[in-house]
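>>> structure for the following, please:
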Amino acid sequence: MIKVLWACCLLVCGIFIACKPPINDLKTGTWRAILETNSGAEIPFIFQVSQSEGKKAIHIINGAENIKVEGLMSGRNVTIPLPSFGSEIKAKLTSSGLEGAWIRHLPNKDSEIPFRAEYNIKKRFVDSEAPMYNITGRWRTRFVAEGRADSTIAVGEFIQKGALVKGTFLTASGDYRYLEGSVSGDKLSLSAFDGAHAYLFTATIKGPQTISEGKFYAGASAVEDWSASKNAQASLPDAYSLTSLKEGTSSIEFNFESLDGKPVSLKDDVFENKIIVVQLFGSWCPNCVDEMKYLVQFYNKYHKKGVEVVGLAYERSGEKEWAKKAVGKLKQRLNVPYPLLLTGYTHKEVVKSMPQIVDFKSFPTTIVIDKNKKARKIHTGFTGPATGAHYANFIKEFEAQIDMLLAEK
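Numbering: from 1, shown residues only. Modelled structure (predicted):
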């Protein structure tokens, strides 16, 4: 009889545990999230939930980057609208945390990646072996897309404290955002998620000078191999040397509509006898957003000195209303004081829209035009704040060029 009662007790306890009720609302504090790629790789990131005056907000953490997400809808069903990049996370609260998908709203379809998150896990990567190596320093890096022979050269810059690693990869077209991760034994893991891109880098550290067997996962399906060798002198091509104008052409021309439907061209009176900075950007492009944040500060500093800034938008769709909505949200979010123009062309049609340009490489591309409407500098890509000293040096050099052009008669 006692055995029967004991068995029943265990059964009831087991049922109680198995039927643990789901969480009814999103808890404040730290959550560890996972995005699962098509290949089964798991891209982790950390977010924090805060509450003020009865309203909850989410902060996505990537190293020194803190992306605040407002407009959160929570309860048993959770919606996290990600700023500017036309994506969101939709998930349900369960007894183990959150389960759902990261949804990217593209012009002709939605793209979904499975998402899940657990509460009160603060480590991005949970492996905990003592690190065998410290990768602090500068690394010459080579990325090779699977099934292709061509490669991309990059420079990795990292700071490691204990097992924790922060840094980024710089390329000729920009950087790979704020990466954060760890070294466990001889294994390196880094990741980032910003609402537009999800990145995971894994590799084996072969010694103080060599990283090999690297895999780079981006989004749902992109995979590249990578390797690196430590090299304090590793460098990239001059960003002012990569994009140019056709021979015999001294400047660019355009006539596009602003968000309020007004046509804007370089022939307008507002641009007469001014230094003009023209940014070719896309609202979908995080490096473009980084540059635009800087250009807002730059404009507020230099506008009264005789500088104008104008942005030319190349969206994922050439459909006017779709592009207008995406660009308008970005302008409002960053409080952009200068005109953003709808080119009507997609991100693949820059040369078609502006045939004066040759060798267009990437977004953003920024053209500096002098008082006589001559293009004096074309800068490819943008080394954003994740690059530390490189970002500070860019600002210093860029503003020195503007000061020089303003001084010209």
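>>> downstream neighbour of the worst-scoring helix or strand of the chain on mean pLDDT in the secondary structure list?
With mean pLDDT, DSSP states H and E as the measure, the helix or strand of the chain carrying the lowest mean pLDDT is helix 2-18 (a mean of 48). Per DSSP states H and E, helix 2-18 leads on to strand 29-36 as the next helix or strand towards the C-terminus.
>>> the strands in the stretch 1-150 of the chain, which residues?
Taking DSSP state E, counting those that start in this stretch as the test, the strands found in the stretch 1-150 of the chain are 29-36, 42-52, 55-62, 65-69, 77-82, 87-94, 97-105, 110-119, 137-145.
>>> let's have these in JSON lines, adding mean neighbour count.
Just so you know, the C-beta spots here come from the backbone N, C-alpha and C atoms, and that holds for glycine as well. Compiled in JSON lines, the strands of the stretch 1-150 of the chain are given as follows (neighbours: other Cβ atoms under 10 Å):
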{"stretch": "strand 29-36", "mean neighbour count": "19"}
{"stretch": "strand 42-52", "mean neighbour count": "17"}
{"stretch": "strand 55-62", "mean neighbour count": "18"}
{"stretch": "strand 65-69", "mean neighbour count": "15"}
{"stretch": "strand 77-82", "mean neighbour count": "18"}
{"stretch": "strand 87-94", "mean neighbour count": "19"}
{"stretch": "strand 97-105", "mean neighbour count": "20"}
{"stretch": "strand 110-119", "mean neighbour count": "17"}
{"stretch": "strand 137-145", "mean neighbour count": "18"}
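>>> what comes into contact with the longest helix anywhere in the chain?
Scanning the chain for the helix with the most residues, using DSSP state H, yields helix 286-306. Contact with helix 286-306 is made by 84-85, 173-175, 177, 194, 196-197, 273-275, 277, 279, 281-283, 307, 309, 311, 330, 334-338, 363-364, 366, 381-382, 384-386, 395, 398-399, 402, 406, as judged by Cβ atoms under 8 Å, 6 or more residues apart in numbering.
>>> do the same with stretch 333-346
Under the criterion Cβ under 8 Å, 6+ apart, residues 83-84, 254, 256-259, 264, 289, 292-293, 295-296, 299-300, 303, 308-318, 320, 323-324, 327, 330-331, 352-353 lie in contact with stretch 333-346.
>>> first to last residue in it, what's the distance?
Taking Cα to Cα, to the nearest Å, the first and last residues of stretch 333-346 lie 22 Å apart.
>>> re earlier: derive a PyMOL selection command for the buried subset of the contacts of helix 286-306.
Command for PyMOL, covering only those of these found buried under the criterion 16 or more other Cβ atoms under 10 Å:
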select buried, resi 84+85+173+174+175+177+194+196+197+274+275+277+279+281+282+283+307+309+311+330+334+336+338+363+364+366+381+382+384+385+386+398+402
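>>> among the contacts of helix 286-306, name the ones in strands.
Taking DSSP state E as the definition of strands, these contribute Gly174, Asp175, Ile275, Val277, Gln279, Phe281, Val307, Val309, Gly311, Thr366.
>>> Serialize those to JSON lines and add fields for pLDDT.
Formatted as JSON lines, those follow (pLDDT from 0 to 100):
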{"residue": "Gly174", "pLDDT": "88"}
{"residue": "Asp175", "pLDDT": "93"}
{"residue": "Ile275", "pLDDT": "98"}
{"residue": "Val277", "pLDDT": "98"}
{"residue": "Gln279", "pLDDT": "98"}
{"residue": "Phe281", "pLDDT": "97"}
{"residue": "Val307", "pLDDT": "98"}
{"residue": "Val309", "pLDDT": "98"}
{"residue": "Gly311", "pLDDT": "98"}
{"residue": "Thr366", "pLDDT": "98"}
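>>> what's the most distant pair in the residues you listed?
The largest distance within those, taken as Cβ to Cβ, falls between Asp175 and Ile275 and amounts to 26.5 Å.
>>> residue nearest the middle of the chain, spatially speaking?
Closest residue to the average C-alpha location of the chain: Pro286 at 3.9 Å, with Cα atoms, centre = their mean.
>>> which pLDDT value belongs to Leu98?
Here, the pLDDT recorded for Leu98 equals 96.
>>> list the beta-bridge partners for it.
Taking DSSP bridges, one finds Leu93, Ala117 as the beta-bridge partners of Leu98.
>>> these two touch, right, it and Ile34?
No: counting by Cβ atoms under 8 Å, Leu98 does not reach Ile34; the two are 9.9 Å apart.
>>> who touches both of the two?
Contact with both Leu98 and Ile34 is made by residues Phe115, Arg116, Ala117, according to Cβ under 8 Å, 6+ apart.
>>> thinking again about what came up before, could the strands of the stretch 1-150 of the chain go into a markdown table alongside distance to Phe125?
Supplementary listing: those in a markdown table, determined by distance: least, Cβ to Cβ, whole Å:
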| stretch | distance to Phe125 |
| --- | --- |
| strand 29-36 | 10 |
| strand 42-52 | 6 |
| strand 55-62 | 13 |
| strand 65-69 | 17 |
| strand 77-82 | 22 |
| strand 87-94 | 20 |
| strand 97-105 | 18 |
| strand 110-119 | 14 |
| strand 137-145 | 19 |
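>>> out of those, which gets nearest to Ser184?
Nearest to Ser184, of the strands of the stretch 1-150 of the chain and by Cβ to Cβ, is strand 42-52 at 13.2 Å.
>>> for Thr202, find the nearest of the strands of the stretch 1-150 of the chain.
Checking those against Thr202 by Cβ to Cβ gives strand 42-52 as the closest, at 10.3 Å.
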